[in-house]
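Trainee: Starting from these lines, generate the structure:
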Amino acid sequence: MKCPFCSKDMIEGSITQDRYALKWVALDKDRGLLNFTPIVKGIKLTSALQNQSVKVFYCEQCRKFIIDQDNLLV
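Mentor: Purely as a prediction, here's the structure:
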């Protein structure tokens with residue numbers, strides 16, 4: 001994948017979970033440790049039921065990560 005910021009090749013990799021599902025939460029909804037509860041709306045990146053990872057591209061030049069929502073394993 002080409003970086004949308006600098007057009008250089010990005011490195012494909014993954015972000016893995018440990019004990020909890022990974023979830024993206026908007027800054028205005030962030031409630032610290034309470035983000036693990038189903039009350040806080042967000043986009044689940046992984047499932048808590050399985051040890052999963054998320055496919056991620058990284059640009060060394062721009063130091064940016066890109067996660068395609070279509071690649072989420074939930």
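Trainee: avg pLDDT for stretch 19-39?
Mentor: Stretch 19-39 shows an average pLDDT of 67 in the prediction.
Trainee: The residue nearest to Q17 when sequence neighbours are not counted sits in which helix or strand?
Mentor: Among residues not flanking Q17 along the chain, T46 sits closest, at 4.8 Å (C-beta to C-beta, 6 or more residues apart in numbering). Using the backbone N, CA and C atoms, a C-beta is placed for each residue, glycine as well. Here T46 sits in a region with no helix or strand, counting by DSSP states H and E.
Trainee: T46 touches K55, doesn't it?
Mentor: No. Applying C-beta atoms under 8 Å as the test, T46 and K55 come out as separate, 11.1 Å apart.
Trainee: what's the burial count for the residue nearest to Q17?
Mentor: 20 (other C-beta atoms under 10 Å).
Trainee: ditto for I66
Mentor: Residues lying near I66 (other C-beta under 10 Å) number 15.
Trainee: give me the beta-bridge partners of it?
Mentor: F57 (DSSP bridges).
Trainee: residue contacts, it?
Mentor: For I66, the contact set (C-beta atoms under 8 Å, 6 or more residues apart in numbering) comprises 1, 3-4, 10, 56-59.
Trainee: about what we covered before: from K2, how far off is the residue nearest to Q17?
Mentor: Separation of T46 from K2 (C-beta to C-beta, to the nearest Å) stands at 26 Å.
Trainee: before we move on, the earlier item: spatially, which two of the contacts of I66 are the most separated?
Mentor: Farthest-apart pair in these is P4 and V56; separation 14.3 Å (C-beta to C-beta).
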